[in-house]
Each structure stands twice: as C-alpha cells, then as structure tokens.
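1. here's my sequence, what's the structure:
(2 chains)
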Amino acid sequence: MRVATWNVNSIRPRLEHLATFVKSASPDVVCLQETKVEDAKFPEEAIGELGYRAAFFGQKTYNGVAILARYGLAIEDVQRNLADDAEDAPRRLLACTIDGVRIVDVYVPNGQAVGTQPFAYKLEWLARLERDLASRHAPTDRVLVCGDFNVAPEAIDVHDPKRWEGQVLCTDAERAAVASLRAFGFVDAFREKHPDLAGAFTWWDYRMGAFRRNAGLRIDHVLITRPLADRCTSATIDRAPRTLERPSDHTPVIVDLDV
DNA sequence: ATGGTTGTTCCACAA
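-> Purely as a prediction, here's the structure:
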C-alpha cells in the first residue's frame, strides 16, 4: 500500500496539481491538509474522476483535512477531530481504517510565534493527540499518523539551523512533543530510511525564492508503528509538485508499506 | 532588522 501526505494549501486551486501528482505517484491513499473548504463544497466529483473516494472534514477559509482512497479500498471507522475537542474546534484531524491500517491525518496548529496563545495551543494539541492515540491504540497495532506537524524534529531537518534556533517549528518544546510520540511507539518513516540525509525538506516559504535556494524545513511527516516500519519498503519526498506553477508551499511525502 | 508571497475573505489574517 502506497500512502502519501500533502498539505495542499487549499484544495480547490490545487486540483490540477493533485491530478498530476496522483497520476505520477499512483498512491493508494492520499492524506491532505489545509483543504480550506467546507464539506458541502468539497470537490468530491473531481476527486472521483481521478479514481478516488474521499472522507473529508473541513471548514471555510482555514484548516480542513481529507483522506482519499483509491476505488476498491474501503474507508472504515471514520473519526473526526480529537475525542476531547469541542464541536466547533478547528478541523485538524481525520482518521479511518483502510486495508487493516489505521490512518490518522493531522494538521497540527502552526503556533505562530513562541510565547503566543497559538503556540501554547499547539503544544496542548500535540499532547492531546498523543493521549488520544494512546487511548485507542497499542504500539503493536498497525497505525500510521501523517500530515503537517509544523515541527522540524532535528537540526538536520532545517536548512539553516542557526537562524531557526528557538524559532517556532524548531523549539525544544515542539521537538519534545514529537519525540514523545516516537517514544510511545512511532517511527519517523522518512528519517528511518535516510538517517543522515540533509537538505530533504517538505516545505519552503513562498517568499525570498526559498524553494530555488532549497531554504526549507522538513515539517511533514509519516509516523508508523513498528509493525508497519518492519514492512516499510520506501519513504520519499516528491519535489515535483513544488516546481509547478502556483504550487502549494508544501510537497508530498510518500511511503510504501508491504501490507 | 526588515521584508518578501499566497489563499480566502472582506478590506485582514494566517501561514
């Protein structure tokens, strides 16, 4: 099973890029973040024409997540947001079971700047995510958590670690929250396959020619439990979508699981 | 130290 994750920065202006991507990468499952569309306006038909059915959980203007599954794969046991989220909480999590694998699609709060309310919310959200996962699953289950974590786990995941030191996306507190998820029983699929690979990023700011200079960060991740890590044959970053006209500022991460 | 860009919505704000 091939699973991809991609923060599309609005799904509606990105449908053409999504079509190009799925034709090229041929994923079985695609987890999308920042769809920025309410469910009534989700482009289900366009996605159907690409050969996928979709579960989606979105809102107007901000946030929103969706999971696409190739026709023939059933989407089962859909969960929307965290168990302790209020009804009107930002829509940032969608989970389902596909082919016996629990797929959890997350759009972690950005956090804005260290010391702000949004930053505290980000840390609290990550702690609640871990509690939610731990309450539902054991590390021995087949669980995949992917999405835009808005955290660069280590210095090697940052183009200029000195400049980013202590900045949001790179603080010790954010890194500790992600490390805590790993300690529970998740493996960073990309880093496990490429332990020393530097310059492998998933997001580049739109400004200052950041992509051209490869001035990026690796903040989009696929975390998998050990039973899946033992069956993971490949984990890659596909830079092609970021090279297209009017791209998302993120590019997809792709993993292959022998399940 | 500042500014640069994009998407959505409404004339700002989040990223």
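2. just the helices in chain A please.
-> Taking DSSP state H as the test, the helices found in chain A are A:15-25, A:44-49, A:117-136, A:161-164, A:172-185, A:189-193, A:226-229, A:240-243.
3. can you list the ones you listed in CSV and add distance to A:R102?
-> Yep, even glycine has a C-beta here, placed from its N, CA and C like the rest. Converted to CSV, the helices of chain A look like this (distance: least, Cβ to Cβ, whole Å):
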stretch, distance to A:R102
helix A:15-25, 22
helix A:44-49, 22
helix A:117-136, 8
helix A:161-164, 32
helix A:172-185, 13
helix A:189-193, 15
helix A:226-229, 10
helix A:240-243, 26
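4. would you turn the ones you listed into a markdown table with mean neighbour count?
-> A markdown table is the format used below for the helices of chain A (neighbours: other Cβ atoms under 10 Å):
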| stretch | mean neighbour count |
| --- | --- |
| helix A:15-25 | 16 |
| helix A:44-49 | 14 |
| helix A:117-136 | 16 |
| helix A:161-164 | 12 |
| helix A:172-185 | 16 |
| helix A:189-193 | 19 |
| helix A:226-229 | 19 |
| helix A:240-243 | 16 |
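5. of all these, which lies closest to DNA strand B?
-> helix A:117-136 (5.6 Å; Cβ to the nearest atom of the strand).
6. quick one: average confidence on the closest one?
-> Across helix A:117-136, pLDDT averages out at 97.
7. now for it, which elements pack on it?
-> For helix A:117-136, the packing partners by 3 or more Cβ pairs under 8 Å, 6 or more residues apart in numbering; DSSP states H and E come out as strand A:143-148, helix A:172-185.
8. centre-most residue in chain A?
-> A:G147 (0.9 Å; Cα atoms, centre = their mean).
9. wait, that residue sits on A:D220?
-> Yes - using Cβ atoms under 8 Å, A:G147 is in contact with A:D220, at 6.9 Å.
10. and for those two, which residues touch both?
-> Both A:G147 and A:D220 are in contact with A:5, A:7, where contact means Cβ atoms under 8 Å, 6 or more residues apart in numbering.
11. pull up the residues of the stretch 151-259 of chain A that are close to DNA strand B.
-> A:206-208, A:246 (Cβ under 7 Å from any atom of the strand).
12. which pair in those residues spans the largest distance?
-> A:M208 and A:R246 (17.4 Å; Cβ to Cβ).
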